[in-house]
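[1] Sequence first, predicted coordinates after that:
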Amino acid sequence: STSRLKGKEVCPTHYIRAVVLEQGVFAHLRLTVACVANHEEQFRKAMGAKQKADAKRELTAKRRQLTQAERRIAELDRLFKRIYEDNANGKLSDSRFQMLSDDYEQEQEELREKLLQLNEEINRQEEQAENIERFISKVHEYLDMDELTPAVLNDMVKAVYVHMPETSNGHREQQIDI
């Protein structure tokens, strides 16, 4: 699909026989299922799943930072209104107003970017733990897998990338990322 979507300059046209691809994917899935089932705890650790207490502590700290940033943004809005009123009433010079205004706006922008980043990190951390557990439960469903079915593919495989074949010593080799 990359060849069709982005052009032949980015990804030249190449092929692989369906039977070979299916056999490779099936063998890889069986190996992965067996490995994960036999070494569940090591898999969790390798995938970056942290112990619940550590993950909760980290998540709580990030949520606290998120709340503090939101409060500071609201406080900056109030400060900005106050300096605007002071400027309008003549209590604050235009140059001082501009300087304070620029500082507050810059701080708010930085805080908004931090908010976005924290939200993404929190979501990613929550999803990661859920995805690992979901994957492990799917592994247990397919321990006795006899054939590669569309249901197995949909549950276990996100994408399959077939690379350009390479020929060396008269043998054609093709990398496949699953």
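    That came through, no problem. Numbering: from 1, shown residues only.
[2] Only C-alpha atoms from now on, for both contacts and neighbour counts.
    Will do.
[3] Counting by contacts, list what the longest helix anywhere in the chain packs against.
    Longest among the helix segments of the chain by residue count, using DSSP state H, is helix 94-141. Contacts defined by 3 or more C-alpha pairs under 8 Å, 6 or more residues apart in numbering; DSSP states H and E place helix 94-141 against helix 18-38, helix 52-88, helix 150-156.
[4] Just send these back as TSV, with distance to residue 118 and mean pLDDT too.
    Below are the helices and strands packed on helix 94-141 laid out as TSV (distance: least, C-alpha to C-alpha, whole Å; pLDDT from 0 to 100):
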stretch	distance to residue 118	mean pLDDT
helix 18-38	31	90
helix 52-88	7	85
helix 150-156	29	87
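[5] Including mean neighbour count and distance to residue 9, could the ones you listed go into JSON lines?
    Converted to JSON lines, those look like this (neighbours: other C-alpha atoms under 10 Å; distance: least, C-alpha to C-alpha, whole Å):
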{"stretch": "helix 18-38", "mean neighbour count": "15", "distance to residue 9": "24"}
{"stretch": "helix 52-88", "mean neighbour count": "15", "distance to residue 9": "44"}
{"stretch": "helix 150-156", "mean neighbour count": "13", "distance to residue 9": "30"}
